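1. Quick check, what structure comes out for this input:
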Amino acid sequence: MPSPDLQTWQSSGRTHRVFGHDLFVVDTPAHAAEPATPIVVLHGFPTSAVDFRRALPHLAARRRVVVHDHLGFGLSQRPDDFDYTLLEQAEHALGLWRDLGITRAHLVAHDYGTSVATELIARHTRGLLPFELASVTLCNGSMHIELAQMKLTQKILATRTLGPLLARLSSRRLFTQQLRSTLADPDSVPADEFALAWELFLANDGRAHFARVAYYPNDRWRNWHRWIGALTRLDLPTHVLWGRRDPVAVAAIAEQLAREIPNARLTWLELGHYPMLEDPAAWSAALLAALPD
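-> Just a heads-up that it's a prediction; the model follows:
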C-alpha cells in the first residue's frame, strides 16, 4: 500500500507516453498573473523528481515548472530492453517537452541531470537542438567526472560485475545513510523525505533495475570531450548554482565550470549535494533571481 506521501506526490502528476515508454511528469502551472518562460527540470541519481517537491511551490509562484522522472527512476517505466544511456534520457526529455507544447524554456539540472543537460547543450552548440534554451542552470553535478569524489558504492555500481550484486543488497538504511552523508547538515532534511525517496526507489521493481541505470558515470567518461567541449562554446546565460559543501560534486567542479563556460555566473550556497532539499526556499530564490527573463 503506497504511503500517504507517495499518494499525494503521485496525484500531483500524471503519466505521459513518450517513444513507447511511460514517464511520470509533474507540470505545475505558474500562479503569476503574466506568463513567463517556463522552467524544465532534470533530476539526479539515485532519486527522482520528488527531490524538487519542496521547491516547486516557490518556483511555481513565478513560472510554469515541468519536472519528470527519467526513464528507470521513480514512477516512470523501467523497461527491461533499454540501455538507460544519458543520450536516451535526453531524447525522452525532448520528446516529453515537445508533447507538452514547450518550445522554449529555462533548463535546470541537478546531479545525473546535468549530464543529460550537457548532451542537450552539445546539440545546441551544433545547431541540432529542436528546442530553444533560454538559459541553463547547473547544480551539483559531476560533469567533470575526473574531479568528482565518488563514493565507493557509486564506483561499485558503475561496474557490470559487482554493481548488480550491490543493487540487490541495497536497503533503506544504506540508501538513507548514503544520501544523508552528502548533506552539509545530515539532519537538515526531514526523515519523511528519505522515506518517500526510498519508496520511489522501489517503485516498479526499482531494485532489479538499479544497477542498469547506475552505469551512467561510464557515459560521462565516453562523452567527456563532446560534453565539456560544448560547455566551453556555450552562448547562453548560464548559472552555476552550487552547494559548496558537497562531498561528491565538490566545489572544484563548480569553479572549473565557471572558468570554462563563457560569462557563467557562479552562486554559492552553504549547503551540500541536495540544496533543493536542504533549503528549498534559498535554493529557489537564488535560481529565480538569476533567470534572464
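
2. From here on, just use CA atoms for contacts and neighbour counts.
-> Fine.

3. looking at this, residue 75 is in a strand?
-> No. With DSSP: H, G, I helix; E, B strand; the rest coil as the criterion, residue 75 is coil rather than part of a strand.

4. Count the neighbours of it for me.
-> Residue 75 has 28 neighbouring residues, counting by other C-alpha atoms under 10 Å.

5. Same question for the one 3 residues further on.
-> Other residues near residue 78 come to 25 when the count uses other C-alpha under 10 Å.

6. Surely it touches residue 208?
-> No. Counting by C-alpha atoms under 8 Å, residue 78 does not reach residue 208; the two are 9.4 Å apart.

7. Pick out the least confidently modelled helix or strand of this protein, by mean pLDDT.
-> Of all the helices and strands that make up the chain, helix 163-169 has the lowest average by mean pLDDT, DSSP states H and E, namely a mean of 61.

8. In contact with the closest residue to residue 283 other than its chain neighbours, which residues?
-> Once flanking residues are discounted, residue 283 sits nearest to residue 276: 5.6 Å by C-alpha to C-alpha, 6 or more residues apart in numbering. By C-alpha atoms under 8 Å, 6 or more residues apart in numbering, residue 276 lies in contact with 51-52, 54-55, 283-284.

9. Helices - which of those land there?
-> 283-284 (DSSP state H).

10. possible to save the contacts of residue 276 as TSV with distance to residue 172 and pLDDT?
-> As requested, the contacts of residue 276 are arranged in TSV below (distance: C-alpha to C-alpha, whole Å; pLDDT from 0 to 100):
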residue	distance to residue 172	pLDDT
51	17	98
52	20	98
54	21	96
55	24	97
283	27	98
284	28	98
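
11. Out of the contacts of residue 276, who's the most crowded?
-> Ranked by neighbours (other C-alpha under 10 Å), these are led by residue 283, which has 24 neighbours.

12. got the contact list for that residue?
-> Residue 283 neighbours (C-alpha under 8 Å, 6+ apart): 55, 269, 275-276.

13. cutoff 10 Å now
-> Each residue near residue 283 by C-alpha atoms under 10 Å, 6 or more residues apart in numbering is listed here: 55, 58-59, 139, 241-243, 268-269, 271, 274-277.

14. In PyMOL, select just the buried ones from these.
-> PyMOL command restricting the contacts of residue 283 to the buried ones, with burial defined by 16 or more other C-alpha atoms under 10 Å:
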select buried, resi 55+58+59+139+241+242+243+271+274+275+276+277
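
15. got the contacts of residue 283 as a markdown table, with distance to residue 66 columns?
-> Output for those, formatted as a markdown table (distance: C-alpha to C-alpha, whole Å):
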| residue | distance to residue 66 |
| --- | --- |
| 55 | 12 |
| 58 | 13 |
| 59 | 10 |
| 139 | 17 |
| 241 | 19 |
| 242 | 21 |
| 243 | 23 |
| 268 | 25 |
| 269 | 24 |
| 271 | 24 |
| 274 | 19 |
| 275 | 19 |
| 276 | 15 |
| 277 | 17 |
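
16. could the contacts of residue 283 be laid out in JSON lines, adding secondary structure?
-> Listed next are those as JSON lines, based on three-state DSSP:
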{"residue": "55", "secondary structure": "coil"}
{"residue": "58", "secondary structure": "helix"}
{"residue": "59", "secondary structure": "helix"}
{"residue": "139", "secondary structure": "strand"}
{"residue": "241", "secondary structure": "strand"}
{"residue": "242", "secondary structure": "strand"}
{"residue": "243", "secondary structure": "strand"}
{"residue": "268", "secondary structure": "strand"}
{"residue": "269", "secondary structure": "strand"}
{"residue": "271", "secondary structure": "coil"}
{"residue": "274", "secondary structure": "coil"}
{"residue": "275", "secondary structure": "helix"}
{"residue": "276", "secondary structure": "helix"}
{"residue": "277", "secondary structure": "helix"}
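
17. now, which of the contacts of residue 283 sits nearest residue 36?
-> Distance to residue 36 across those (C-alpha to C-alpha) is lowest for residue 59, with 11.6 Å.

18. excluding its backbone neighbours, what's nearest the closest one?
-> What sits nearest to residue 59 in space, not counting adjacent residues and going by C-alpha to C-alpha, 6+ apart, is residue 284, at 6.3 Å.
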